[in-house]
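A.B. asks: starting from these lines, generate the structure:
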Amino acid sequence: MGAKVTPAAADRDACCPVVLASPLSEGRAEELASDFAVLSDPARLRLLSLIVSADGGEVCVCDLVEPLGRSQPTVSHHLKILTEAGLVVGDKRGRWVWYRVVPERLGRLRNVLA
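C.D. replies: Have a look, this model is predicted:
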């Protein structure tokens with residue numbers, strides 16, 4: 001007897017097919033490679049983990065410089081790449097920008113490898 005497929009799982013599989021389910025098209029492989037290239041940098045992975053694990057699910061850019069151990073311009077550069085990839089969004093409040101993860105975007109990448 002096969003596993004029952006829930007509507008949510010069917011929707012996920014339609015938009016984000018699992019890599020192991022079938023061979024990837026060239027376009028899909030290029031898209032995924034670009035997405036994962038963004039995460040291939042250790043500084044960006046650390047930033048993503050700092051943002052995800054922050055109290056309230058968001059963190060001020062001013063609180064990312066010290067834990068990352070990089071200069072403010074370097075942190076801003078990596079945050080710009082994460083933002084352009086759609087993995088995080090920033091919300092300017094006064095002088096500072098507060099970042100949070102885009103759960104749907106991160107979930108799509110996670111589901112591809114499931």
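
A.B. asks: distance of the residue most central in space within the chain relative to residue 99?
C.D. replies: By CA atoms, centre = their mean, the chain has its centre lying nearest to residue 87, at 3.5 Å. Remark: distance between residue 87 and residue 99 (CB to CB, to the nearest Å) = 10 Å. Every residue, glycine included, has its C-beta placed from N, CA and C.

A.B. asks: ditto for residue 112
C.D. replies: Relative to residue 99, and taking CB to CB, residue 112 is found at 23 Å.

A.B. asks: higher neighbour count, the two?
C.D. replies: Set side by side, residue 112 and residue 99 show more neighbours around residue 99, with 24 against 20, by other CB atoms under 10 Å.

A.B. asks: state the mean pLDDT of the helix or strand the more buried one falls within.
C.D. replies: Remark: residue 99 resides in strand 96-101, with elements defined by DSSP states H and E. When pLDDT is averaged over strand 96-101, the result is 96.

A.B. asks: pLDDT wise, what is the residue nearest to the centre of the chain at?
C.D. replies: On the pLDDT scale, residue 87 gets 94.

A.B. asks: nearest residue to it other than its sequence neighbours?
C.D. replies: Leaving aside its sequence neighbours, residue 87 sits nearest to residue 105 (CB to CB, 6 or more residues apart in numbering; 5.5 Å).

A.B. asks: which strands or helices does the strand holding residue 99 pack on?
C.D. replies: Applying 3 or more CB pairs under 8 Å, 6 or more residues apart in numbering; DSSP states H and E, we find strand 96-101 packed against helix 42-52, strand 58-60, helix 72-84, strand 88-93.

A.B. asks: for those, which one sits closest to residue 29?
C.D. replies: helix 72-84 (20.2 Å; CB to CB).

A.B. asks: buried sites along that closest one?
C.D. replies: 75, 78, 79, 81, 82 (16 or more other CB atoms under 10 Å).

A.B. asks: test my guess that the first one contacts residue 67.
C.D. replies: No: judged on CB atoms under 8 Å, residue 75 makes no contact with residue 67 at a distance of 9.7 Å.
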